[in-house]
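Student: sequence first, then the predicted structure:
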Amino acid sequence: MAERYDVVVIGSGPAGLTAAHAAARQGVRVGLVDAQALPGGQVWRHDVRFSAPAFARRCMQATLEHIKIDWLPQTRVVGAEPGRLLVEDPRSARWLKYGALVLATGAREVLLPFPGWTLPGVTGAGGLQALAKQGWPLAGKRVVVAGSGPLLLAAAATARRHGARVLAVFEQAERAAMLRFTRGLWRWPARVLQAAALRTQLAGVPYHFGSVVTAAQGEDALREIEVSGPHRQRRIACDQLAVGFGLAPNVELARMLGCQLEAEGAQQRVRVDARQHTSVPTVYAAGEVCGIGGRDSALIEGAIAGLAATGARTGIASLQRRRAQARAFARQLRETFAIGERVRALAQPDTLVCRCEDVTLGALDAHVDARGAKLATRCGMGPCQGRICATALAELGRAAGIAARPPLFPARLESLALAPADGVAPSLAT
Amino acid sequence: MTHSYDLIVVGAGIIGAACAEVASAEGLKVAIVESGAIGAGVTAAGMGHLVAVDGLPAELALARYSLGLWEELRDLPGGEFSRCGTLWFARDEREHAGIADKLARLRAAGAAAEAVDAAQLRELEPALAEGLVGGVLVPDEAVVYPPMVARRLVERACRRRATLIHARALALGDHALTLDDGQRLLGNVLIATGGALQALLPELLIHLRKGHLLITERYPGMLHHQLVHMGYTDSAHGQADSVACNVQPRPTGQLLVGSSREYGVSDSDISLPMLRRMLRCAFQFLPGLRQLKALRAWAGLRPASIDGLPYIGRVAQRRGIWVAAGHEGLGVTTAPGTARLLVDQLLARTPAIDARPYDPMRAAA
């Protein structure tokens, strides 16, 4: 039979951790699901060499060790029926029944195509950070970080800690926008400290504004990049380039469940009310999936969602006030780091857009709609199921769709054949 | 604004596309009316298996006629024509007993078909389960990628000066069609809108039969033939929801796993219970499928006529209105024959095969 939890939380980043913890403190049974082997999500991803900040460690420990919480690692949601989820781990599949569900599925990096972006040695900014934390060798490597948003500084700092020579950080946002942003920072003193700490870690690394990496070059791997700055163009020899253009909410599960979405710039986010309730009864959402807001919003929203999912009436109002402040900061960030036209124009007709199926931007030009383009070019038909290319195409102002059907992630056929009454191992009788 | 054509084809699925291509090759002035993408309806939802199903004589005749015509379409760029052959397999003595009749029917219709015993079956497809008793190999049959075929056929027609009009057909008149952009087109009108047929021709009944398919990641060399369980024809012609084992190796190395049939459903959402039934059925015959990874699943709505045969021809009680629709699961296979049959009738020629079984008159309420 399916396992039953009062509350199932999907995702164990900051939002998922606080959601699970807040719900468990109300005395209910909680299942905490994450695709990774260790908790923390992207922002607190496990680092093989350096331990997480004390606060993150406390937060993960308090949640994972809570008697009412079952930690379900390496587990992905692949399908859903009302009140239950079909999940798969590396060995088996099973159905999880829930009274209430909290979606804390976080966000993914926006990777925008430019000439050479698929060369070995080029990754996302968050991608480089994840590789570094997994122990990928960076010592002595010449690294350039580029793109847009605060993630660039965090990625550069992580790379440096792991021994990389960070040559420079190139931010596409203009200096004027950055100045406006920093002048308003006094309203978020904690952020001033955070930014100052990052700058200290990056002492000696030039941080350029209004600068875009226009091409990556090399035979079999990256050797050199072209950078277009406010005053000049230049070429820089490097071993590793990390380019990220911010984050996009992971809304596929929410869509499969029928939750109403709303626009967040070119991307979509889950619409929630003041109690983090989605349009679907029993389904709540918290953190980046409700709009990119950063760690602080995620922690607060997770706590609200965890309480609301158990029907709690008290403790929510004060959190809601704190959320308003955290979200206001996120709005400032979004305006400051809005993607400029120059970035949208980087991809050339022969630049790959869909890496899974090797589809160029030019190949999509002949098609009037996303469906026709997908059928004719296979764009989005590969293993990433469109998560990379459709996110990029949306940012480029082109129609693109990501299906939200089971299997939500590539899944074993055996898992999809599992019925709710079957228990853990699939029964293959017909 | 008013324009005149010899033939106005409504719907650019594979049927409409094939009809437009054949008509344009005859020198007719053709318009194609499609509001969505080409080949993006049920054409894109199917397996693309070119197969002669021998359940009904007229169905077999149209399929065999069409398979011959497909030989001229093999090289369409992106059509992915791959002559993998069809391997029908029998599970038990009852199904085995059907082999002789099946061979006789296929051969009578001109197909090269050969009996296969249990050992040969395993040799041809080592992934098949032990204990199957034999089957029928039809080596000339093939698989294609239907949405691309439809697109290429429309492109061919357009190179012969056919006009592709992105609009929705609103209403029929005598030798006339009104579009939602206000245009009125004059000429013979062919309705090839599949499951949406009744929006324009309410007198012709269409039932939707929902089917699921699933595609895996790439496993080149795992299967070599399109595999179909001999029980498939039973399930295809039954009246209850059913599943059958129908698995195809794509040229990419991916496997397409089918099939299911549901009645009285008009959404194309994935039904996990139906997907489960379909997969469990496939696992019986191909146990190795269990551990493979599925990339995507989808569902489509087969447009079925009242009797398992498509409606092809002039619509009675109307002037200058023609139909080619209701092919259920065989629209891809029979598109070239359908197009030939339709255009021959339009030009008042005697078709190569008897057109009467497909006459839409039989269904007009």
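Tutor: Yep, that arrived. As the structure is a computational prediction, the values presented were derived from the model and not from experiment. Numbers count the residues shown, from 1 in each chain, chains lettered A, B, ... in the order given.

Student: check contacts around the nearest residue to B:Leu204 once chain neighbours are set aside.
Tutor: Closest residue to B:Leu204 apart from its sequence neighbours, by CB to CB, 6 or more residues apart in numbering or on different chains: B:Ala363 at 5.4 Å. Placement of C-beta: from N, CA and C, glycine included. Neighbouring residues of B:Ala363 by CB atoms under 8 Å, 6 or more residues apart in numbering or on different chains: B:Glu203, B:Leu204, B:Leu205, B:Ser305, B:Ile306, B:Asp307, B:Tyr311.

Student: tell me which element the second one falls in.
Tutor: Think B:Leu204. Following DSSP states H and E, there is no helix or strand that holds B:Leu204.

Student: coming back round to it: and which of the contacts of B:Ala363 is nearest B:Gln120?
Tutor: B:Asp307 (36.1 Å; CB to CB).

Student: quick check: A:Thr310 touching A:Asp6?
Tutor: Yes: using CB atoms under 8 Å, A:Thr310 is in contact with A:Asp6, at 7.0 Å.

Student: which residues do the two both contact?
Tutor: With CB under 8 Å, 6+ apart, A:Thr310 and A:Asp6 have common neighbours A:Ala23, A:Val28, A:Ala100.

Student: so how many other residues sit close to the second one?
Tutor: Spelled out, it's A:Val28. A:Val28 has 19 neighbouring residues, counting by other CB atoms under 10 Å in any protein chain shown.

Student: circling back: of the shared contacts of A:Thr310 and A:Asp6, which belong to strands?
Tutor: If you go by DSSP state E, the shared contacts of A:Thr310 and A:Asp6 have A:Ala100 in strands.

Student: out of the shared contacts of A:Thr310 and A:Asp6, which comes closest to B:Leu255?
Tutor: Among these, and counting by CB to CB, the member closest to B:Leu255 is A:Ala100, at 38.1 Å.

Student: contact partners for the closest one?
Tutor: Neighbour list for A:Ala100: A:Asp6, A:Val7, A:Val8, A:Thr282, A:Val283, A:Tyr284, A:Ala309, A:Thr310 [criterion: CB under 8 Å, 6+ apart].

Student: so the first one sits in a strand?
Tutor: In other words, A:Asp6. Yes: assignment of A:Asp6 by DSSP: H, G, I helix; E, B strand; the rest coil places it within a strand.

Student: can you tell me the closest non-neighbouring residue to it?
Tutor: The nearest residue in space to A:Asp6 (CB to CB, 6+ apart) is A:Val28, at 3.6 Å.

Student: list the contacts of the one you found.
Tutor: A:Asp6, A:Val7, A:Lys68, A:Gly99, A:Thr310.

Student: burial check on A:Trp71, number of neighbours?
Tutor: A:Trp71, neighbours per other CB under 10 Å, totals 19.

Student: ok, B:Leu275 next?
Tutor: B:Leu275: 26 surrounding residues under other CB under 10 Å.

Student: what helices or strands is the helix or strand where it lies leaning on?
Tutor: Secondary structure from DSSP H and E places B:Leu275 in helix B:272-285. Counting contacts by 3 or more CB pairs under 8 Å, 6 or more residues apart in numbering or on different chains; DSSP states H and E, helix B:272-285 is packed against helix A:413-416, strand B:207-218, strand B:226-229, strand B:242-249, strand B:254-263.

Student: of those, which is nearest A:Arg165?
Tutor: strand B:207-218 (38.3 Å).

Student: where does the closest one sit relative to the chain's centre, distance-wise?
Tutor: Strand B:207-218 sits 13 Å away from the centroid of its parent chain (CA atoms, centre = their mean, to the nearest Å).

Student: could you check the angle it makes with strand B:254-263?
Tutor: Strand B:207-218 runs at 160 degrees relative to strand B:254-263, counting by axes from the mean of the first three to the mean of the last three CA atoms, to 10 degrees.

Student: before we move on, back to that, and the contacts of A:Val28, which are buried?
Tutor: Among the contacts of A:Val28, those classed as buried by neighbour count (16 or more other CB atoms under 10 Å in any protein chain shown) are A:Asp6, A:Val7, A:Lys68, A:Gly99, A:Thr310.

Student: domains of the chain: list them as residue ranges, please.
Tutor: The chain I'm using is chain A. A:3-108+A:248-335, A:111-245, A:341-395 (automatic domain parsing).

Student: chain B was what I was after
Tutor: Per automatic domain parsing, the structural domains of chain B span B:2-45+B:146-203+B:307-363, B:86-139+B:207-304.

Student: what residues does the stretch 101-250 of chain B have near chain A?
Tutor: Neighbours of chain A within the stretch 101-250 of chain B, by CB under 8 Å from any CB of the partner chain: B:Pro147, B:Met148, B:Arg151, B:His166, B:Leu214, B:Thr216, B:Glu217.

Student: surely the fourth one and B:Ile32 touch.
Tutor: By that I understand B:His166. No: B:His166 is beyond contact range of B:Ile32, at 9.7 Å (criterion: CB under 8 Å).

Student: which one of those two has more residues nearby?
Tutor: The residue with more neighbours, out of B:His166 and B:Ile32, is B:Ile32; 30 against 15, by other CB under 10 Å.

Student: now the residue of chain A found nearest chain B: closest residue in space that isn't a chain neighbour?
Tutor: Of all residues in chain A, A:Gly372 sits closest to chain B, at 2.9 Å by CB to the nearest CB. Nearest-residue entry for A:Gly372: B:Ala37, 2.9 Å, with adjacent residues in sequence omitted and distances by CB to CB, 6+ apart.

Student: what's the local residue count around that neighbour?
Tutor: Residues near B:Ala37, counting by other CB under 10 Å: 23.

Student: any idea which helix or strand carries it?
Tutor: Going by DSSP H and E, B:Ala37 is not in any helix or strand.

Student: list the contacts for it?
Tutor: Listed by CB under 8 Å, 6+ apart, the contact partners of B:Ala37 are A:His367, A:Val368, A:Asp369, A:Arg371, A:Gly372, A:Leu375.

Student: show me where the stretch 251-365 of chain B dips below the pLDDT cut-off.
Tutor: Along the stretch 251-365 of chain B, segments meeting pLDDT under 70 span B:365.

Student: residues of it that sit close to chain A?
Tutor: B:257, B:269-270, B:272-273, B:275-277, B:279-284, B:289-298.

Student: for chain A, what's the nearest residue on the stretch 1-150 of chain B?
Tutor: Residue of the stretch 1-150 of chain B nearest chain A, by CB to the nearest CB: B:Ala37 (2.9 Å).

Student: how much space between that residue and B:Ala100?
Tutor: B:Ala37 is 45 Å from B:Ala100, where distance means CB to CB, to the nearest Å.

Student: cool, and A:Thr105?
Tutor: Separation of A:Thr105 from B:Ala100 (CB to CB) stands at 57 Å.

Student: so between the two, which is more surrounded?
Tutor: Counted by other CB under 10 Å, A:Thr105 and B:Ala100 do not tie: A:Thr105 has more neighbours, with 28 against 11.

Student: and the residue nearest to that one when sequence neighbours are not counted, its phi and psi?
Tutor: Using CB to CB, 6+ apart and skipping residues adjacent in sequence, the residue nearest A:Thr105 is A:Asn250, 4.2 Å away. Backbone torsions for A:Asn250, taken as degrees, to the nearest 10, come to phi -90, psi 90.

Student: flag every buried residue along the helix holding B:Leu275.
Tutor: B:272, B:274-285.

Student: now do stretch B:131-148
Tutor: Result for stretch B:131-148 [16+ other CB under 10 Å]: buried residues B:132-138, B:140-148.

Student: which parts of the stretch 101-250 of chain B are helices?
Tutor: B:118-124, B:146-159, B:197-200, B:232-237 (DSSP state H, counting those that start in this stretch).

Student: could you say what helices and strands the helix or strand A:Gln61 falls within packs with?
Tutor: A:Gln61 is part of helix A:54-64 when elements are defined by DSSP H and E. Judged by 3+ CB pairs under 8 Å, 6+ apart, helix A:54-64 is in contact with helix A:14-25.
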